[in-house]
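Colleague: When you get a sec, could you give me coordinates for this:
(2 chains)
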Amino acid sequence: MVTRTAPSRLTARERARRTARGGAPRSVPAPLLAPALIAVAFLVLPLAALLIRAPWGHLGAALSGSDATQALVLSLWTSTITTGISVLIGVPLAWVLARTSFPGQRLLRALVTLPLVLPPVVGGVALLFAFSRVGMVGRYLDSWFGLTIPFTPLAVIMAQTFVAMPFLIITVEGALRSADQGFEEAAATLGASRMTVFRRVTVPLIAPSLGAGAVLCWARALGEFGATITFAGSFPGQTETMPIAVYYALQTDPDAAIALSLVLLLVSVVVLVSLRDRWLRGGAVS
Amino acid sequence: MTDAGSGGLVVDAEVSRGGFTLAVSLTAAAGQVVGVLGPNGAGKSTLLSAVAGLIPITAGRITLAGQVMDDAAAGTFVEASRRPVGFVFQDYRLFPHLTVAENVAFSPRARGLGRQAARSAASHWLDRLGLTALADRKPGLLSGGQAQRVALARALAGQPALLLLDEPLSALDAGARLDVQAELRRHLADFAGPCLLVTHDPIEALMLADQLIVLETGRIVQEGSPAQIARQPATAYVAKLVGLNLYVGQADGSQVKLAGGGAFVTADQGQLGDVLVALRPSAILISNQQPQPSSARNTWPAKITGLTLLADRVRLELEGQPSALVDVTPAAVAELSLSPGGQVWLTAKATEIEVYPRSSSQPA
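Modeller: Numbering: from 1, shown residues only, chains lettered A, B, ... in the order given. A predicted model of the protein is given here:
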């Protein structure tokens, strides 16, 4: 068989790049390029539309004309408390999942991560059946303490925690699994109790992943809609978070909806950039 | 089992993990450095882990200064964090998020001292190991030798009754190793308790240990003073480590019949029965013609099967009765035109041949 050696053009720059780094040509084959471009367009176009359609001239008026400030403040503080609670109870759970073994552990891990794939509205319904005034737990909270959870800011926090905490748990559990346990052994030989090892060695060593997990958790809580509206409703100032405010504003005042969306978009971009620069680049967990 | 005296370590234990069994009986007296020498996979690190309490033993017991640390039959086990043990790991395991001073203060703090007291305890050890200038550095910025000293300071700062060193010099480059070795020797001499030092480097073992234990596939195959082990290796592994030819044989007064073929006339007339014969590669002479036979010399023909250039000499591998390693100068290789496949004569003086009894438990 005769092989045709058909020469192709190689620019000086491309030649230098390939000489220095080696590897395949950088040009993309057409069957891969077209779908890739469609995917990019699909992801970028809606955001571009939002930016183009934004009432840049009277953004301030559009924002103040709604319950935006109230919703933003509510979203920010509930998401922050959600993250705090998730760290306090999620990190110990991540440790238990990563460092111990007991019967049913796999099932427990599956249950813990279920909210990641569960439609949030289902989570909201489940919370309602557990904590409403006639719910399994809620009825006792009501009759013993006179505590009613649904449709309060506490319900917002619970809905967000239900949906967002698994993000923190799986991030931290992964970090604990891949962390070098030699340091923990060394700490033990130096006389540190298991709790001291956890506090002074384990947690500081996984701090980058813990930070990344907390940011992911916070961002997920900030965007929570389905579980929140189901379990907490949408009372302005009480339970109407940013995503819910956007949804309602769209029906009455599209300019306000866009302005609110831009605020959420800005927050997301800030989160992404902070994750990139602080935690994700170069795999800070070594 | 011998008594280790007050403050000593007594190990008489078995550890079984996944098909591998370590069975060791050893004692280390206070102030004594016991070197544990052996190839990879011999169970050296398992031994240290068991003594430190990082893994429980499966049978037997470990006592330190008369106190039971682990007793499989009685079900007694002291957790690693409660054992008065300082462990210097092979990879040091300095906490990367803490400064040198915080690393050294870790153990005093974990063992219950207040922040201030722990800091002053740490500064004492930093000073003692010449690390004061590095106190505020993170471990990532230390050289290998510095990290080794910090690891030692951190282990000593907990005021352990027993010191465990796992390949303390293996992470260092050759240049730093000699300095650190001399320094480590000084610090070990200052340490009052027993010390177990694991290594696979015979020089390190000879330099640092008072007593040596050779571990192979989970068992002790030889123990004794470093000088004795270097002169009279009991196994092929040890012989190779110390660079000797080793043969198994039967002695009948003036002659040893070697198990692998051949025989040696020896100067030591007193040996009878199963013996080991050690012969230095540089004590064997090589020539192209058959030398004059003599009662004070052994001569035998051999074929060259390999040549390796060592630092200042050439090591020849020779096949014959018996086979041998022989060291010659590069000049001799040229003069005698030695090359693989060549036939030569070997000569070894009877006085150069070390004959010693082979204990029945020892594999060769």
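
Colleague: And B:Asp71, its phi and psi?
Modeller: phi -140, psi 110 (degrees, to the nearest 10).

Colleague: Report the beta-bridge partner residues of it.
Modeller: Beta-bridge pairing for B:Asp71 (DSSP bridges): B:Arg61, B:Thr76.

Colleague: Tell me, how many residues neighbour the nearest residue to B:Thr217 once chain neighbours are set aside?
Modeller: Residue nearest to B:Thr217 in three dimensions, not counting chain neighbours: B:Ala42, with 6.3 Å by Cβ to Cβ, 6 or more residues apart in numbering or on different chains. For glycine as for every other residue, the C-beta is placed from the backbone atoms N, C-alpha and C. Counted with other Cβ atoms under 10 Å in any protein chain shown, the neighbours of B:Ala42 add up to 24.

Colleague: for B:Ala42, what are its contacts?
Modeller: With contact taken as Cβ atoms under 8 Å, 6 or more residues apart in numbering or on different chains, B:Ala42 is in contact with B:215-218.

Colleague: Residue 238 in helix, strand or coil?
Modeller: Since you didn't name a chain, this refers to chain A. Recorded secondary structure, A:Gln238: coil (DSSP: H, G, I helix; E, B strand; the rest coil).

Colleague: Of the contacts of B:Ala42, which belong to strands?
Modeller: Those of the contacts of B:Ala42 mapping onto strands are B:215-216, per DSSP state E.

Colleague: So which of the contacts of B:Ala42 wins on neighbours?
Modeller: B:Leu215 (25 neighbours).

Colleague: What parts of the stretch 101-250 of chain B come near chain A?
Modeller: Contact residues (Cβ under 8 Å from any Cβ of the partner chain) of the stretch 101-250 of chain B with chain A: B:106-107, B:110-111, B:154-155, B:158.

Colleague: Counting neighbours, which of these comes out on top?
Modeller: The residue in these with the most neighbours, by other Cβ under 10 Å, is B:Arg154 (31 neighbours).

Colleague: Low-confidence stretches in chain B?
Modeller: B:1-5, B:360-364 (pLDDT under 70).

Colleague: Show me how the record splits it into domains.
Modeller: B:9-231, B:243-357 (automatic domain parsing).

Colleague: can you put those domains in CSV and add distance to A:Met195?
Modeller: Below are the domains of chain B laid out as CSV (distance: least, Cβ to Cβ, whole Å):
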stretch, distance to A:Met195
domain B:9-231, 10
domain B:243-357, 51
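
Colleague: Out of the ones you listed, which gets nearest to A:Val134?
Modeller: A:Val134 lies closest, by Cβ to Cβ, to one member of the domains of chain B: domain B:9-231, at 49.5 Å.

Colleague: Any idea how far the closest one is from the middle of the chain?
Modeller: 14 Å (Cα atoms, centre = their mean, to the nearest Å).

Colleague: So what would you say the end-to-end distance of it is?
Modeller: 27 Å (Cα to Cα, to the nearest Å).

Colleague: Check stretch B:240-254 too.
Modeller: This stretch, stretch B:240-254, spans 26 Å end to end (Cα to Cα).

Colleague: any chance you could map the helices in the stretch 51-200 of chain A?
Modeller: For the stretch 51-200 of chain A, applying DSSP state H, counting those that start in this stretch gives helices covering A:59-64, A:68-99, A:105-117, A:120-131, A:138-145, A:153-178, A:182-189, A:194-197.

Colleague: So which of these is nearest chain B?
Modeller: With distances scored as Cβ to the nearest Cβ, the stretch of these nearest to chain B is helix A:182-189 (3.9 Å).

Colleague: list the helices and strands the closest one packs on?
Modeller: helix A:194-197, strand B:85-88 (3 or more Cβ pairs under 8 Å, 6 or more residues apart in numbering or on different chains; DSSP states H and E).

Colleague: Indicate which one of those is closest to A:Gly233.
Modeller: Nearest to A:Gly233, of all those, is helix A:194-197, at 41.1 Å by Cβ to Cβ.

Colleague: if we can go back for a sec, which of the helices and strands packed on helix A:182-189 is buried the deepest?
Modeller: strand B:85-88 (a mean of 28; mean count of other Cβ atoms under 10 Å in any protein chain shown).

Colleague: Can you report how many residues neighbour residue 133?
Modeller: Here I'm looking at chain A. A:Arg133: 13 surrounding residues under other Cβ under 10 Å.

Colleague: To clarify, I was referring to chain B.
Modeller: For B:Ala133, the number of neighbouring residues by other Cβ under 10 Å comes to 10.

Colleague: Doesn't it belong to a helix?
Modeller: Yes: judged by three-state DSSP, B:Ala133 forms part of a helix.

Colleague: sorry, back to before: which of the domains of chain B is buried the deepest?
Modeller: Mean neighbours per residue, mean count of other Cβ under 10 Å, is largest over the domains of chain B for domain B:9-231, with a mean of 19.

Colleague: Turn the contacts of B:Ala42 into JSON lines, columns for distance to A:Glu240.
Modeller: Shown next, in JSON lines, are the contacts of B:Ala42 (distance: Cβ to Cβ, whole Å):
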{"residue": "B:Leu215", "distance to A:Glu240": "71"}
{"residue": "B:Glu216", "distance to A:Glu240": "74"}
{"residue": "B:Thr217", "distance to A:Glu240": "71"}
{"residue": "B:Gly218", "distance to A:Glu240": "69"}
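
Colleague: Out of the contacts of B:Ala42, flag the one nearest to A:Ala257.
Modeller: Scanning those for proximity to A:Ala257, where the rule is Cβ to Cβ, the winner is B:Gly218, at 72.4 Å.

Colleague: how much space is there between the closest one and B:Ala23?
Modeller: 6 Å (Cβ to Cβ, to the nearest Å).

Colleague: try A:Thr189
Modeller: A:Thr189 is 24 Å from B:Ala23, by Cβ to Cβ.

Colleague: about what we covered before: deepest of the helices of the stretch 51-200 of chain A, which one?
Modeller: helix A:153-178 (a mean of 23).

Colleague: Can you tell me how far the nearest residue to A:Ala68 once chain neighbours are set aside is from chain B?
Modeller: Nearest non-adjacent residue to A:Ala68, counting by Cβ to Cβ, 6+ apart: A:Leu260, 5.5 Å away. Plainly put, A:Leu260 is 41 Å away from chain B if you go by Cβ to the nearest Cβ, to the nearest Å.
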